[in-house]
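Peer 1: return a 3D structure for these sequence lines:
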Amino acid sequence: MESVKSVCGRILKELYAMQEYSTGKAILSRLRDSIGRDYADMADIMPVVFEKLPESFLGNSKKMTDEEVCILSCLQLYAIHQQGEDLCVNTDEDGYSNVGTSLKLLRVGDDTTAPDRRFNAMITSTDFDELTVHLRHLIRLLKSKQKGARIDYSRLAEDLYMIRKNKNKENIILNWAREYYKFNSKGESNEQ
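Peer 2: Coordinates of the predicted model:
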């Protein structure tokens with residue numbers, strides 16, 4: 001049986017391979033435009049998501065399955081981050097731990113108050129939708145402040161799925177915070 005991580009990774013590779021073509025750019029644009037819309041109003045992106053999901057991930061009710069929601073959320077986040085970028089913003093490198101690893105790049109300079117506040121708002125979110133809204137803001141901030149920053153969106157999809165299923169939620173959030181706040185590789189604190 002496939003995992004949310006492997007399915008999302010496969011879709012992301014396909015999206016990146018198509019991004020230099022007008023159809024690929026249009027798909028990324030439709031993914032960005034679908035953010036915050038009701039699922040009933042997203043007919044234009046349904047093929048992008050549903051035709052690539054294994055049957056076990058597909059629902060049969062009026063609500064999307066947790067797998068569908070988490071993969072769609074990550075594709076939307078990726079579409080925001082990838083916009084205007086030539087190099088792929090997705091990564092699956094060794095040494096990458098979680099989304100906190102990437103967001104830590106926002107903690108540069110003397111004043112980390114604003115990114116820390118945003119990060120803390122994300123990790124203390126009371127529901128999934130609030131979490132993804134904060135995550136979207138942080139990724140937009142990361143895109144604007146740290147050109148070339150990359151995120152393992154497949155891993156993020158898996159983390160979001162576990163959070164949505166309420167499995168190890170506290171552990172996942174704690175690990176994001178550990179990565180975000182930990183000492184940098186030079187042994188210096190990110191905090192001043």
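Peer 1: list the residues that contact the residue sitting nearest the centre point of the chain.
Peer 2: In the chain, the residue lying closest to the centroid (CA atoms, centre = their mean) is Cys74, at 4.3 Å. For Cys74, the contact set (CB atoms under 8 Å, 6 or more residues apart in numbering) comprises 8, 12, 153-154, 156-157, 160. All C-beta atoms are positioned from the backbone trio N, CA, C, and that covers glycine.
Peer 1: which one of those residues sits closest to Thr101?
Peer 2: Nearest to Thr101, judged by CB to CB, of the contacts of Cys74 is Leu156 at 10.7 Å.
Peer 1: so where does that closest one fall, helix or strand?
Peer 2: For Leu156, the host element (DSSP states H and E) is helix 153-164.
Peer 1: burial of Val48, as a residue count?
Peer 2: For Val48, the neighbour count with other CB atoms under 10 Å is 20.
Peer 1: what helix or strand is it located in?
Peer 2: helix 46-50.
Peer 1: which strands and helices sit next to the lowest-mean-pLDDT helix or strand in the chain?
Peer 2: When the helices and strands of the chain are scored by mean pLDDT, DSSP states H and E, helix 46-50 comes last with a mean of 85. If contacts are counted by 3 or more CB pairs under 8 Å, 6 or more residues apart in numbering; DSSP states H and E, helix 46-50 sits against helix 22-33, helix 66-82.
Peer 1: swap in 10 Å and give it another go.
Peer 2: Counting by 3 or more CB pairs under 10 Å, 6 or more residues apart in numbering; DSSP states H and E, the packing neighbours recorded for helix 46-50 are helix 4-18, helix 22-33, helix 66-82.
Peer 1: quick one: low-confidence ranges for the chain?
Peer 2: 184-192 (pLDDT under 70).
Peer 1: helix, strand or coil: sort out the spatially closest residue to Ile123 that is not a sequence neighbour for me.
Peer 2: Counting by CB to CB, 6 or more residues apart in numbering, Ile123 lies nearest to Ile173, which is 4.9 Å off, once chain neighbours are set aside. With DSSP: H, G, I helix; E, B strand; the rest coil as the basis, Ile173 sits in helix.
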